[in-house]
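Asker: sequence and predicted structure, then a few things I'm wondering about:
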Amino acid sequence: MSIDFPALPDSISVDRVEVAPDVELRVLRAGAGSPVVFVPGWNFSAEVFVHQLTGLADAHEVIAVDPRGHGESSKPLTGNSFPQRGRDLAALLAALDLRDVTLAGWSFGVLDVLSALEVDGADDRVARLILIDEPPRVPFDPANAAEWGEAALSHDGLPAYVKFLSTDRQGFLEYIAADALGVAAEDAAGEPAVAKLVADGARTPEHIAIITGVEGLATDLSAPAVAFDASGKPLLFLAQEAWADDARRWVTANLPHAEFATIPVHAGFLTEPEPFNARVREFLANDPRARS
C-alpha cells in the first residue's frame, strides 16, 4: 500500500512573512490554540507536515515553515546558513507575535530550531521543544561509543557523503527520500510518495542544497539543546527505530530531563502520522500551559 502524502487541503492557509531584507518565508497555518511550529529537514518544504497541519489543528494552531531556500520561500544567493536560518525563525516568531510556542524541528530542521534558541529573545517565546530524529551534534567519532551522530568522522564517511551530494544531486535526493520514508531502494520507483518527496526537495537550488548539506555535517548545537533541557522546559526527543538504542543512550546522558520516544522511520510523522500525532498530543497534554 502506498504512503499517503496528500496535497494540502483548503483548510490550510498560506501566508508569506518577511524575516530579513528581501527574504520572505512561506508559512502554512491551520487551527487555533497554543502554537506548534514545525520546521522541515534538508531541502524539503513545510508540506511534509500535511498530516500534522490537519491532525493536530483541532486543539492547536499548527504552523509549518519553509526555511529560506526551501519550498516557496525566498531563495537568496547568500545567507543560507543555519545561524541565519535560526535568525529567520526567531524573526518569524516575533513577526507573528507567537508566545508559549512548541518548536519542532525534523532532521536538519533540528539545527534551525536550536540555532533560533541562540537568538536573543527567542527562548522567551519557546515553551516546549520537539527534536525529531537528528542529533544536535551531527559529526561523531565512530570509535567513541559515547558519541552519537549522523556524520561519521572517518576517511570513508565524510568524503563519500560530500562527493555524492555535490556530484549527483538527483541520485542523492532519491536516496534521501527513499531512506526517509523507509522504502527499499528496489521499491522506490514504484512508490509515488518517494517521487513527490524528490520533487519537493528539488525546489531547493543546488547551491543551497550543497551549502546546507555540507554545513550540517560540521554542526554541533549540543549546547543550546543541553541548556534548554536544563531550563526545566519540556523537551521531547523522537528517534527512528534503526538507531534508537544509540539515540536513547545519548539523550539519557546529555538531555536527562527529556522525554524519549521512537518513530518507525526518519519521516515517521508522514508514513505513520496517527501514532506520531498521538505522541505529540500526549507530550503537550503533560504540560497544562499547552492546552490553553
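Answerer: Structure received. Numbers count the residues shown, from 1 in each chain.
Asker: show me where this protein has strands.
Answerer: When secondary structure is read from DSSP state E, the chain shows strands at 13-20, 23-30, 35-39, 61-65, 101-106, 126-132, 139-140, 151-152, 235-240, 259-263.
Asker: what's the average pLDDT for stretch 230-247?
Answerer: Mean pLDDT, stretch 230-247: 96.
Asker: what sits against R87?
Answerer: V19, A20, S115, A116, V119 (CB atoms under 8 Å, 6 or more residues apart in numbering). To be clear about C-beta, it is placed using only N, CA and C from the backbone, and glycine gets the same treatment.
Asker: which one of those has the most neighbours?
Answerer: A116 (29 neighbours; other CB atoms under 10 Å).
Asker: touching, that residue and L89? I think so.
Answerer: Yes - contact criterion CB atoms under 8 Å: A116 and L89 qualify, at 4.1 Å.
Asker: in this structure, where is pLDDT below threshold?
Answerer: Within the chain, the ranges that satisfy pLDDT under 70 run 1, 287-292.
Asker: hang on, the earlier thing: adding distance to H51, write the contacts of R87 out as JSON lines.
Answerer: Listed next are the contacts of R87 as JSON lines, based on distance: CB to CB, whole Å:
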{"residue": "V19", "distance to H51": "26"}
{"residue": "A20", "distance to H51": "30"}
{"residue": "S115", "distance to H51": "26"}
{"residue": "A116", "distance to H51": "24"}
{"residue": "V119", "distance to H51": "29"}
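Asker: that older thread, overlap of the contact sets of A116 and L89?
Answerer: Joint contacts of A116 and L89 (CB under 8 Å, 6+ apart) are L103, A122.
Asker: so what sits opposite T102 in the bridge?
Answerer: Counting by DSSP bridges, T102 forms beta bridges with V36, R128.
Asker: now the one 4 residues further on
Answerer: Counting by DSSP bridges, W106 forms beta bridges with I132.
Asker: let me see the contact set for the closest residue to E72 other than its chain neighbours.
Answerer: The shortest distance from E72 to any non-neighbouring residue, by CB to CB, 6 or more residues apart in numbering, is to R26 (4.3 Å). By CB under 8 Å, 6+ apart, R26 lies in contact with V14, D15, R16, S45, A46, V65, D66, G71, E72, S73.
Asker: next, the contact list for the residue positioned nearest the centre of the chain, please.
Answerer: With distances taken as CA atoms, centre = their mean, W106 lies nearest the centre of the chain, 2.0 Å away. By CB under 8 Å, 6+ apart, the contact set of W106 is F38, V39, P40, G41, V48, I132, D133, E134, A267, F269.
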